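In: model the structure of this input:
(one chain, ligands or ions: 4)
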Amino acid sequence: TVKGRHRNNYLCYNASISEKFEKMLSMDSELRKALKQEQLELHYQPQKSIGTGKIVGLEALIRWNHPDKGMISPATFIPIAEKNGQIIEIGEWVMKEACKQNKQWQDEGFAPVIVGVNLSALQFLQKDLVFRVKQILEETGLAPEYLELEITESMAMTNEEYIIHTLKELRELGVHVSIDDFGTGYSSLKYLSRFPVSKLKIDKVFISENQKQNQAIVKSIIHMSHSLNMKVIAEGVETAEQWNFLKNEKCDEIQGYFYSKPLPPEQLSDVFNSSIVH
Ligand code: C2E
Ligand code: MG
Ligand code: MG
Ligand code: MG
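Out: Ligands and ions are numbered 1, 2, ... in the order given. All right, here's what the predicted structure looks like:
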């Protein structure tokens, strides 16, 4: 009957909602366990200077090595951690781990590079962020000029005055700040010029498809960065064709599978060594 069907639909609907809810709850507690049981790890993706061919930086990217489910992508669990607030604790761990690892590579004698850490909005809005960054640098012994914090364009666009104030404090501390996924938001030139950031990271959507329109966007982001005395890096570079285009357009740096995927720390020493040779 019609009534029966309705009831059925209603039940189905309910079941799927509570299923989702249960999944979220279990993700919650599993994520909490993950932090305690050291299931989280960082991989590092090299960033290469187009001019010198040298590695100038590494972006730290979180991985969840789940005991049953294998590697879980940050795209899956970071949004959950942002909703339930665990991103604060996770983010602290990421920053500390990345600084510690970078200092260790320097102590092992590799040419110093900058390590980039992604900040989520909640983390960036923490009142004691600058103090925590300072503490972590002190605890790990990493010099501030070897840490870069990545914020997204959309984060930069809310709470303008507060953000600018925080960015100035971070600059005084000596760390770098870059704007990640640039080009996907709506910031204006006037707006950007007020931001004390050192680098724009062109979002990979503009790199992956070599359409005329995307190339025009990439060119204008490069020119804009340079006219604002900022560096510019292209994300998601996968082909020689893209690399050549970016080189011709005087992009400063590239990051992408064309050069290297994100790698576990133990594989980085090979990359460092080969970068010295070339
Ligand atoms: P993102 O910060 O924009 O990082 C770049 C993403 O592009 C990474 O994905 C990287 O693996 C991927 N990528 C790099 N080169 C290429 C390429 O040539 N082709 C393609 N198709 N992809 C490439 P991943 O590691 O899955 O991270 C996804 C996002 O998760 C990051 O985007 C970032 O927003 C977030 N995330 C990762 N780690 C952290 C973290 O520690 N904290 C926070 N808050 N967010 C993180
Ligand atoms: Mg990033
Ligand atoms: Mg990005
Ligand atoms: Mg991102």
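In: tell me where the stretch 101-250 of the chain has strands.
Out: 114-118, 147-152, 176-182, 199-202, 231-235 (DSSP state E, counting those that start in this stretch).
In: and those, which is most packed in?
Out: Of all the strands of the stretch 101-250 of the chain, strand 199-202 has the most neighbours on average by mean count of other C-beta atoms under 10 Å, namely a mean of 27. Where you see a C-beta, it was placed from the backbone N, CA and C, and this is true even at glycine.
In: quick check: residues of the stretch 51-200 of the chain near ligand 4?
Out: Contacts of the stretch 51-200 of the chain with ligand 4, taken as C-beta under 5 Å from the ion, map to 180-181.
In: so Ser178 makes contact with Glu148?
Out: Yes. Counting by C-beta atoms under 8 Å, Glu148 is a contact partner of Ser178 at 5.7 Å.
In: what is the neighbour count of the residue nearest to Ala121 when sequence neighbours are not counted?
Out: Spatial nearest neighbour of Ala121, chain neighbours left out: Met155 (4.8 Å); criterion: C-beta to C-beta, 6 or more residues apart in numbering. By other C-beta atoms under 10 Å, 21 other residues sit near Met155.
In: so which bits of stretch 206-215 are buried?
Out: 206-208, 214-215 (16 or more other C-beta atoms under 10 Å).
In: and those as CSV, adding distance to Lys103 and pLDDT?
Out: Listed next are the buried residues of stretch 206-215 as CSV, based on distance: C-beta to C-beta, whole Å; pLDDT from 0 to 100:
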residue, distance to Lys103, pLDDT
Phe206, 34, 95
Ile207, 31, 95
Ser208, 34, 89
Asn214, 38, 93
Gln215, 39, 94
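In: just these: which are in helices?
Out: Assigned to helices by DSSP state H, the following of the buried residues of stretch 206-215 qualify: 206-208, 214-215.
In: got CSV for those, with distance to Met27 too?
Out: Formatted as CSV, those follow (distance: C-beta to C-beta, whole Å):
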residue, distance to Met27
Phe206, 32
Ile207, 32
Ser208, 29
Asn214, 35
Gln215, 40
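In: pull the most distant pair out of the residues you listed.
Out: Farthest-apart pair in these is Ser208 and Gln215; separation 11.9 Å (C-beta to C-beta).
In: coming back round to it: restrict the ones in helices among the buried residues of stretch 206-215 to contacts with ligand 4.
Out: Counting by C-beta under 5 Å from the ion, no member of those reaches ligand 4.
In: so which residues of the stretch 51-200 of the chain form helices?
Out: With DSSP state H, counting those that start in this stretch as the criterion, the stretch 51-200 of the chain has helices at 74-84, 87-107, 121-124, 129-140, 153-157, 160-173, 189-193.
In: okay, Tyr10: pLDDT?
Out: Model confidence at Tyr10, given as pLDDT, is 52.
In: just to revisit the earlier point, among the helices of the stretch 51-200 of the chain, which comes closest to Glu249?
Out: The minimum distance between Glu249 and these falls on helix 189-193, with 18.2 Å, by C-beta to C-beta.
In: who touches Trp105 in this structure?
Out: 113, 268-269, 272 (C-beta atoms under 8 Å, 6 or more residues apart in numbering).
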